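Q: requesting a structural model of the entry that follows:
(chains A and B)
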2 protein chains.
Amino acid sequence: MAAKKAAKKSGAKAGKSKKWVYFFGAGKAEGAGLSKDVLGGKGQGLHEMSRIGLPVPAGFTITIDACAEYYNLGRKFPSGMEAETLKNLEILEKATGKKLGDPADPLLVSVRSGAARSMPGMMETILNLGLNDRSVEGLAKKTGNPRFAYDAYRRFIQMYSTTAMGLSKEPMEEMLHDVKRRLGVKTDPEIPAEPLKKLCQEYKEFYKKNMKGQEFPQDPKEQLWGAIKAVFGSWEAEKAVTYRRVEKITDLKGTAVNVVQMVFGNKGETSGTGVCFTRDPNNGENTFYGDCLINAQGEDVVAGIRTPMKLIELEKRLPKAYKQLCQVRLTLEKHYKDMQDLEFTIEEEKLYMLQCRTGKRSPAATFRIATDLVKEKLISKADAVSRISSEDIERLFYPVIDPSAGKQKLAEARVATGINAVPGAACGQVVFTAADAEAWAAKGKKVILVRRETSPEDVGGMHAAQGILTATGGKTSHAAVVARGWGKCCVVGCEALNISGNSMQVAGKTVKEGDFLTLDGSAGEVYLGELPLKKPELPASYHTLMGWADELRTIKGRPNADTPDDAENAVKMGAEGIGLCRTEHMFFDTEERRLAIQEMIVAETLEARKKALAKLLPIQRDDFAGIFKAMNGKPVTIRLIDPPLHEFTPKDEAGVKKLSDITGLSTQAIWHRCEQLHESNPMLGHRGCRLCITYPEILDMQVTAIIQAAIQVAKQGVKVLPEIMIPLTMDRKELQILKDQAKAIADDLIRKAGSKVSYMIGTMIEIPRAALLADQIAGVAEFFSFGTNDLTQMTLGLSRDDAGRFLPAYVMSEKEGGKAIFRDDPFQSLDQSGVGQLVQMGIAKGRSVRKDLKVGICGEHGGEAKSVKFCVAAGMNYVSCSPYRVPIARLAAAQAAVEAKKK
Amino acid sequence: MAAKKAAKKSGAKAGKSKKWVYFFGAGKAEGAGLSKDVLGGKGQGLHEMSRIGLPVPAGFTITIDACAEYYNLGRKFPSGMEAETLKNLEILEKATGKKLGDPADPLLVSVRSGAARSMPGMMETILNLGLNDRSVEGLAKKTGNPRFAYDAYRRFIQMYSTTAMGLSKEPMEEMLHDVKRRLGVKTDPEIPAEPLKKLCQEYKEFYKKNMKGQEFPQDPKEQLWGAIKAVFGSWEAEKAVTYRRVEKITDLKGTAVNVVQMVFGNKGETSGTGVCFTRDPNNGENTFYGDCLINAQGEDVVAGIRTPMKLIELEKRLPKAYKQLCQVRLTLEKHYKDMQDLEFTIEEEKLYMLQCRTGKRSPAATFRIATDLVKEKLISKADAVSRISSEDIERLFYPVIDPSAGKQKLAEARVATGINAVPGAACGQVVFTAADAEAWAAKGKKVILVRRETSPEDVGGMHAAQGILTATGGKTSHAAVVARGWGKCCVVGCEALNISGNSMQVAGKTVKEGDFLTLDGSAGEVYLGELPLKKPELPASYHTLMGWADELRTIKGRPNADTPDDAENAVKMGAEGIGLCRTEHMFFDTEERRLAIQEMIVAETLEARKKALAKLLPIQRDDFAGIFKAMNGKPVTIRLIDPPLHEFTPKDEAGVKKLSDITGLSTQAIWHRCEQLHESNPMLGHRGCRLCITYPEILDMQVTAIIQAAIQVAKQGVKVLPEIMIPLTMDRKELQILKDQAKAIADDLIRKAGSKVSYMIGTMIEIPRAALLADQIAGVAEFFSFGTNDLTQMTLGLSRDDAGRFLPAYVMSEKEGGKAIFRDDPFQSLDQSGVGQLVQMGIAKGRSVRKDLKVGICGEHGGEAKSVKFCVAAGMNYVSCSPYRVPIARLAAAQAAVEAKKK
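A: All right, here's what the predicted structure looks like:
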C-alpha cells in the first residue's frame, strides 16, 4: 500500500524530464562535471577520464537517483529509466561496433555498482554479461580461444545465479572443484575448454532446478535487467547496511550502476592488467607504484593466486602501453591535484583505464604528498593543510605493534579487548599498584600498570608505567584522561580482567606480577607476552606542513603543563604559552608533597592547616619559578586547586600511619576525617573555588607561591605573565570575593618587593550557571577559559566516570546494538547544539561587558578537530589541550581559518 | 582623610535644601504621608496618629537620612540639621508652654531611636532629658513630688552616662543597690527623695571621675546633642550590626531620632501606662487585649516587677481615659485596616498614645484576623490572601513541644543541634535501622529513626518513624527531602552524633536502642527523653482564606503522591490531580516488591530480567488502578523509573542471601553485580530514561501497567487521565525513541481492549541541555515538567547531598561566618537568575513549537512561595510539590495573581 502511494507521488514528481542514464567513452562524457552523488565514485571517475581524453572502455552510468527512486517505488525501475538504458545500449553497440547477444561477435559488458563513497567489497559486480549458449560460440570463434569463451560464460552464469538470483554460492564452487578433481588439476586456468563447456551446462541445470524450472536467461536484455536489479538490490543487502552503519555513513542515497564494455587482460602475452598508485602510498615518494600481471584479469591481481610483478616490469614487457600509462598518471595527477589509485587493463596492447580515485595512504605519505604537491605548485599551502585530518597526526605519533610479529602470533597472544582509550602500543611487566610501578621503574624496568580503576594517588605510578590497563571506566575515566594528557598508551574498561591482589585472571589464564603484557591502545587489545613495538619517526614534511598551519591559523594553541619538566617539553614542541597548569598535580610527585597536602587536609584547626600549607608554599613556589623560567615571557594560566580533597587522602593503613606519625593525630581520627570527606557526587561537591571559599588560606598560599615565584624569576630578567585562574565559579560575588583576596595578597607582595610583575585574574566557565550569567561574571573576571569537560558533564547531566555503562548505547548505531542518539561521544567532540549554545552565550554575554575579554577553552575538546573549529567560529582567542594534541589543535585552527576565508 | 573628602562631596550634594527634621503633635503632622524609610517606624506612627487627630505628645523626628548622612560625613551632623533641630525645639516649647532647662517648670523630652523596621532591644533610648541640678528642683516644686523629680533625674543621669557617653552600667547599678541595702528596702519605688538626691550627686561624681574631670552636662542643649549622637551611634553598635546581619536586614540606611515631650504615668492614681493589641494576638479574636499599670511608667509593664492588670480593669479605674482608648482602637483599626500593637500613657487622666505599629500575631490569629477584616469590610479578599506568608501556613501545621514543659527542663534535656530540615516536633524510642523502625512501629511503638544517612532502602522505616535524625546531610539530603514530602519532623547533619551499632554517643552520653528522644525539627534541636508535644488544630478561618486563595489563583497546585493511600489523602485535601507519582517508591513497600526489583537488577539475561519484571507488572498495575480510582477524572502524572539501580540493591548479607535463594545466583555473583552498579557520581549516572534506553523492557512493563490499569478502571466508569512522564531527557531523539516505544505498547493495549482511554506522553526538563534544546524536545513531548531539584544541581554544579559542607558558607552572612554569596539556599528557593533563566528559556522555546504546551514544575521549589510566584510569572500551568506544601503553593499562586493584577 505504502509503496503504491509513494509510487504515484514520486512518479508525478519525478516526471519524464529527469535524466537517469549518462553515456561515456568513445569521445563522449555526458556526465562530465556531475558529482559523485549523481554518478557514484566509479562512474564519476570514468566520465571524467573520458572527458579529458583518457582511454576508457565505453559504457553508461545509471544514476544514484535511479536507485533511490527504485526503492521509493518499492523496488521498481523509475519511469523512463528502461527506455534510456536501451537507448544508451544502442549507442554503446554503435560505438563498439558489436551487439549484445550477437551470435557472431557479441558485445560483452560488466555491470558494476558504484556509490558516492567507496564501500570496499560490499557491493556487487557481474562480468561478461551478454553471453548465452549461442554468443559464447561466436566469442570462441572470434577470439579463436574456446577455453577463454567458456571460462567467461562459466563465470557469468555463476555470478548471475548467485548475485542476481540469490542462489547459494557453495554448490557451484563445489561443482567447479569437482571438475578440477576429476581432471586432476589444481587451478582454474588448467581446465580445458571442453570440461568448462560441460560445467556451463551443469550450472544451467543447477539454475533451473533451483529456480523452479525456469531456464537460465538466454535473452541478454533479460540478463541486463536482472543484473541492474542485482546491483540496486545489493545496496540494501544486510552486509552493506551494516557497513554503512558501522562507518556512520548516513548521507548516501543509493548506488549507481555502470554498464561498461568488457575488456580482457587475459587475451595472451600482449594483454595484462594492474592496479597502481600515482605515488608511493607508504612513504609518499613521487614514484609510480603498483603491481601488474600479464595475461590476467583484474581479480587475479587481487586474489593473489599468481604473484604479481612490479609495475616497472611492464616497461620491458609492453613498453608502448607502459609509456601511455605513465602519461595517464601525469595527466590524472595534474587533473585531480592528488595521488590517484588506478586500475587498468591492456587488451592486446591497447590500454584501458577502468578506475581512478583518490588513493589511500599512510600518515607519513599524507604529509609528504601534501607538501610535495605544494612544491610542485599543484595546490596551495591552504589546500595542503585542509587535506590533513587529526587522525593523520595521531597515527603519526603513536608507536605500534610491529606487524612483522605476524597475524598468527598476535591472535594467539590476544587475551582480552577493552576500550581503546589512548592509542599507541606499550609493552612491559605487569604491576598492580602505583607504588610498585614507581619502584620497578626506578630500577629501570618497563612496567604496565594494571588497576581496577585509577585515582589521583596513582598518578606517580601511572607516569612511571609504559602503559595503563584498567578493568573499569570509559574513554574519559581518570585513567584515560590522565594517560591521554601524556599520550601514554591506555586501555580501560577491560571487564574481562579479574584482579585480586598481585595477580589477575583473564581468558582463563593467570597473569602474575612481573609477567609481560603488551597493550594496543589503538585497538584496545591486550596481549600476553612481549611483542615487538615500532616507534614512529616524524617526517620532515610534517614539520613543513605544521609550519604552514601556524601561518594560517588565527588563534593560539596552548598545551596543558603541570610541572617545570612539562613546561620545558612544551617549549621544545613550540608552545605559545601554557593554557592550563593544574596546581594539584604538583602535590603528587613525591611522598613529601603528598604528606604535606594530606597534613593540610586532616588539620583540625586553622593553625594546623596553615602550618601544613607553609610546607607546601616553597614547593609550589619552586615549581612555578621553574615553569615561568621555561616559558620565558609566554603566558602561563595557573588554575588554583580544583579536585575535592578526598582525592588526596591516604587510602591504606600504611599511608594513614605515616600521616599519623607526622601530625600526631590518631589513625582513627585520620580515618574518620577521610570518611567525612567522602561525597555522594564528588563532581558536584566540595571542590574548585568552593575549597577556597571555605578554606581561604589555601588560596592565600597558592597566590603567594605564584607571585613570589614571578617576582623571583622577574628579578633574573625573565619576563613573567601569570594568569591566575579560579575554577568552578558559579556566581559573580563568589568570584569577586576570591579575586579581591588574591589581589590583596599579590599587590602587597609586589609592592613590598618593589617589583613590576603584572598578572591577570580570570575564571573557568565550567558550570552552566556561569555561562548563563557570564555578563555578571565578566564584570570581575579578566579572562574566561571554558572548561568543557565539566560543562559537558553538567549540561548533559553525564558523569564521565559512569557514562561507560550507557553512553555507548547513545553513540553506537542500531546495528551495533545502540540507538544512535548522538553522532559523537560528547566527551570527545563538543556537543555543539547543547554545550556549544552555552559557550556561545557565555562569550557573547562576557564580551557585552568586557569587549576585549580573552577567551579560551581547556579540556579534552581543545584537542579535537571539530571542537576546535567550533571554538574558532565562536570567536575564542586560544585553545588549550594535552601537549600531544596541540598539533591537532593547531591544524584544526588553521583549517577553520581556511574555511572561514572561503566563506 | 576619607571622611573629610566624603564630607565635602556629600555636603555639596546634600546642600541646605534638604529637610532633616519633621514636627508632630499639637495639631501638626509635618511628616504625614512620608514613609518609614524617612521617619522610621515609630516616627511614622507618631506623625500618622497626630495627623488623624489622636492624642500624641508633641515632638519632632530627625530623619533616617540625617543618620545616614551623619555616617557619610564621618560621624558629623549634616549641615543644617542642628539649626532645624533647635527651631523645632522652639516650636515644641511653644506648643507645650514649657522650656527645656527651665528652672521653674522644665520641658522634659525623651530621645528615642526608630528604624524603618523594628529591631527590638537593639537601639537606644534616653528619657527625662532636660533635667539638671536646677530644673530638677523646679520639677519637684511644680509636681509637689520631690521623690518623682529626683528619681527622674537619677534615671536620666544613668541613661545619659551609659548610653550617650558609654560608661559602664554595672558600677552605677551597684551604687543604686547600695542605697537600697543601706535603707533596707527591696525595690526602687521604696527609696525616698533624699537618698535619691544623694544618689544623683554620687552619679555625677562617678561621671566626672570617669570622664577625665568633665562635669555632668548641665546645659540641656548639650544633653540633647549628646543624646542624638548616642541614638545615631547605636545604629552601628556591634549588637545592632549583628542583629541586622543575622536577620538579613540589608536595605536599611540608619535610624531616625524621635524627640518627644515626656509624659508620666507615674504621677499617682490618676496616671498609668499600658501596652495593648487591638485584637487578641493569640487567637485573633476581635477583643481589646492588653496589660496596664496604674501609677507606673512604660518600662514597669515590661520589666515585670509589678504584675500588670488586664486592660479591661482600666474601665473601672480610669473610665474616661479607657473610653478614649477604645475610641483610639477603633480609629486606628479603621485607619490601618489591620491589628495594631499600641503603647499609651495616661498622665493625670489625660491619654497619650506613644506608639502604634502593626502587631505580631500567632499563625492562627493571622488567619482569623485576615478573614474577620474581610467580613468587617475593612479589606478585600485579595488583601487578606496577600497578608498570609508561607511561614504562617507552615507554623499552623506542625506539632510543637509543649512550652508548658518549662525552659529549664528543655535546656537540661537538649543534647545536640543539627540542621532543621523539616519543622514540627516528634518523640519516640530510638532505633538505628529502618527494619527495626518498621518492626517496632508494627508493635504500636513510636520510634525515632536515627541513621548516619538514609537511602531509598530506608524509606519504609522512615515512613514508620515519628521523626528522623541523621548525622550527615543538609536540608536537601535524601532524609530531608523524603521527610519533607511527608511533613515528617526531621533533623539532619547532626554531626555530634557518633553512631555505632545499636547505640550512639552524644554530648558525652550514651543513647541506646529503645531510649526516648524528642526532636524539634523547627529549631533542629535534639532532646533526651520524652517531652510533651502539642498538636495543631486548623482554625476555620484557615479554610475560609484558602478558599479565597483558590478563587484568586490562575494556576493549579498538584501534590506528589506515590501510592493509592497518598492519592486518597491528596483527594481529601482537595488535590486537583497528581503532579508527580514516583513509580520507584512502589518498589520499597514490601519485601516481595523489593525482591522483585532486585531480581530484575541482578538478572544476567534479558529473559531473566523479563521474568522479574513480569512479577512487578501486577503490583504496579494494582497501584496505578488504586491511584486512578482515587483521583477519579483528575490528571495523574506518572514518572517512569528514575533512580540509579544501585539504590535498589540489597545492602547486607541477609538481603543478598534471600536474593540468591530466589534467583539461584551465587551470593558472590550478586555482590559482584551490586559492586558493578556502584557509580562515582550517581546523580549524573545511569538513571532516569537512560535506564529505559539500555533496558527497554523496563519501560515496556511500566507502560503496560499504567495502561492496563487505566483500561481496567475506565471499564468501571471512572474517568482516567494518565500523563506518562519520561525523566532525565537530554535529547530529542532519545525522547522520540522512548515515546514511540511507549505509544506502540499503549495503543496496542487500548485497541485490543476496545477501550477509549486517552493518555499523554511528556517529559521532565531537568537537565540543562533539555532546557537549551526545548524547542526540539517540544516537538516530541506533549507536556513539560521542570524538575528544578536536578536542574539546580546541574546548573549550579551542586550535589544536594554534599552541599552541606560548603553551601552554608555561601548562604550565611559574614557575621555568621559565611560569605553571603547567595541570598537563599538555591535548593529551597529557586535560583531565579541562573536556573530561572533556563526555565524561562525552556518555556519560551517549548511554546515556540507547541503553542499550548502544558508546563509545570515538580520538586521542592513547587512548594516554596517565592519560587511559585516565579513559576506563575514564567507562565506555567501548574506547580507540583509535597502534599503538605500544596497549601503554600496555592497561597503563593493566589498572591502572584493578585500582584499581577495590580501591575
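Q: switch to C-alpha atoms for all contacts and neighbour counts from now on
A: OK.
Q: strands of the stretch 301-450 of chain A, start to end?
A: Counting by DSSP state E, counting those that start in this stretch, the stretch 301-450 of chain A has strands at residues A:309-310, A:340-347, A:350-358, A:400-401, A:414-417, A:419-422, A:425-431, A:447-451.
Q: show me the strands in the stretch 451-600 of chain A, by range?
A: For the stretch 451-600 of chain A, the strands defined by DSSP E, counting those that start in this stretch occupy A:467-470, A:490-492, A:498-500, A:503-506, A:509-512, A:516-520, A:525-528, A:533-534, A:556-559, A:578-582.
Q: highest average neighbour count across those strands?
A: Across these, averaging neighbours per residue (mean count of other CA atoms under 10 Å in any protein chain shown) puts strand A:490-492 on top, at a mean of 33.
Q: I'd say residue A:43 and residue A:61 touch.
A: Yes. When contacts are counted by CA atoms under 8 Å, residue A:43 is listed as touching residue A:61 (6.2 Å).
Q: around chain B, which positions in chain A sit nearby?
A: Residues of chain A lying near chain B by CA under 8 Å from any CA of the partner chain: A:679-686, A:690, A:693-694, A:730-731, A:733-734, A:767-769, A:772-773, A:793-799, A:801-803, A:805-806, A:809, A:819, A:821, A:833-835, A:837.
Q: among the helices and strands of chain A, which one scores worst on average pLDDT?
A: Within chain A, no helix or strand scores below helix A:2-14, which has a mean of 43 by mean pLDDT, DSSP states H and E.
Q: which SSE is immediately downstream of that one?
A: Sequence-wise, the next helix or strand downstream of helix A:2-14 (DSSP states H and E) is strand A:21-25.
Q: which other helices and strands does that following strand contact?
A: helix A:36-51, strand A:59-62, helix A:81-96 (3 or more CA pairs under 8 Å, 6 or more residues apart in numbering or on different chains; DSSP states H and E).
Q: can you say which of the ones you listed is packed in most?
A: Among those, strand A:59-62 has the highest mean neighbour count (mean count of other CA under 10 Å), at a mean of 30.
Q: which residues of the stretch 501-650 of chain A score low on pLDDT?
A: Applying pLDDT under 70 to the stretch 501-650 of chain A picks out no residues at all.
Q: how about chain A?
A: Applying pLDDT under 70 to chain A flags residues A:1-17, A:120-122, A:242-243, A:245-248, A:299-306, A:456, A:475-476, A:481, A:485, A:815-816.
Q: what residue is smack in the middle of it?
A: The centre of chain A sits closest to residue A:391, judged by CA atoms, centre = their mean, with a distance of 4.9 Å.
Q: how far away is that one from residue A:808?
A: 21 Å (CA to CA, to the nearest Å).
Q: what's the neighbour count on residue A:508?
A: Residue A:508 has 9 neighbours, counted by other CA atoms under 10 Å in any protein chain shown.
Q: for the residue of the stretch 501-650 of chain A found nearest chain B, which residues are in contact?
A: For the stretch 501-650 of chain A and chain B, the shortest gap (CA to the nearest CA) falls at residue A:644, measuring 11.2 Å. Contacts for residue A:644 (CA atoms under 8 Å, 6 or more residues apart in numbering or on different chains) come out as A:682, A:685, A:686, A:687, A:688, A:691.
Q: which of the residues of chain A next to chain B are buried?
A: Among the residues of chain A next to chain B, those classed as buried by 16 or more other CA atoms under 10 Å in any protein chain shown are A:679-686, A:690, A:693-694, A:730-731, A:733-734, A:767-769, A:772-773, A:793-799, A:801-803, A:805-806, A:809, A:819, A:821, A:834-835, A:837.
Q: count the residues that sit near the residue lying closest to residue A:163 once chain neighbours are set aside.
A: For residue A:163, ignoring the flanking residues on the chain, the nearest one in space by CA to CA, 6 or more residues apart in numbering or on different chains is residue A:230 at 6.2 Å. Other residues lying near residue A:230 total 26 when counted by other CA under 10 Å.
Q: how close does the residue nearest to residue A:438 when sequence neighbours are not counted get to residue A:527?
A: Sequence neighbours aside, residue A:461 is the residue nearest to residue A:438 in space, at 4.9 Å (criterion: CA to CA, 6+ apart). For residue A:461, the distance to residue A:527 equals 21 Å [CA to CA].
Q: surely the residue nearest to residue A:163 touches residue A:161?
A: No. The criterion here is CA under 8 Å, and residue A:230 misses it with residue A:161 at 10.3 Å.
Q: quick one on the thing from earlier: so which of the strands of the stretch 301-450 of chain A is nearest residue A:903?
A: strand A:350-358 (25.3 Å; CA to CA).
Q: what's the single longest helix in chain A?
A: What stands out as the longest helix in chain A, according to DSSP state H, is helix A:606-631.
Q: so which elements touch that helix?
A: Applying 3+ CA pairs under 8 Å, 6+ apart, one finds that helix A:606-631 contacts helix A:564-572, helix A:591-602, helix A:696-715.
Q: enumerate the positions of it that are buried.
A: By neighbour count with 16+ other CA under 10 Å, helix A:606-631 contains the buried residues A:608-610, A:612-613, A:615-631.
Q: next, the angle from it to strand A:578-582.
A: 150 degrees (axes from the mean of the first three to the mean of the last three CA atoms, to 10 degrees).
Q: what sits up against whatever helix or strand comes next after helix A:606-631?
A: Later in the chain than helix A:606-631, the nearest helix or strand by DSSP H and E is strand A:636-639. With contact meaning CA under 8 Å, 6+ apart, strand A:636-639 is reached by A:577-583, A:628, A:721-727.
Q: quick one: the helices in the stretch 751-900 of chain A, in order.
A: A:768-772, A:774-778, A:788-796, A:807-811, A:835-849, A:865-873, A:886-902 (DSSP state H, counting those that start in this stretch).
Q: and residue A:425, bridged to which residues?
A: With DSSP bridges applied, residue A:425 shows beta-bridge pairing to residue A:520.
Q: got the contact list for it?
A: Going by CA under 8 Å, 6+ apart, residue A:425 touches A:398, A:399, A:400, A:401, A:467, A:489, A:518, A:519, A:520, A:521, A:522, A:533.
Q: need the max-distance pair from those.
A: Greatest spatial distance among the contacts of residue A:425 (CA to CA): A:398 and A:518, at 14.4 Å.
Q: the closest residue to chain B within the stretch 201-350 of chain A: what secondary structure?
A: Closest approach between the stretch 201-350 of chain A and chain B, counting by CA to the nearest CA: residue A:250, at 15.8 Å. Classification of residue A:250 by DSSP: H, G, I helix; E, B strand; the rest coil places it in coil.
Q: can you get me a residue count around the closest residue to it other than its chain neighbours?
A: Closest residue to residue A:250 apart from its sequence neighbours, by CA to CA, 6+ apart: residue A:244 at 7.0 Å. Neighbour count for residue A:244, taken as other CA under 10 Å: 18.
Q: then residue A:720?
A: For residue A:720, the count of nearby residues is 26 (other CA under 10 Å).
Q: re earlier: of the contacts of residue A:644, which belong to helices?
A: Per DSSP H, these map to helices at residue A:691.
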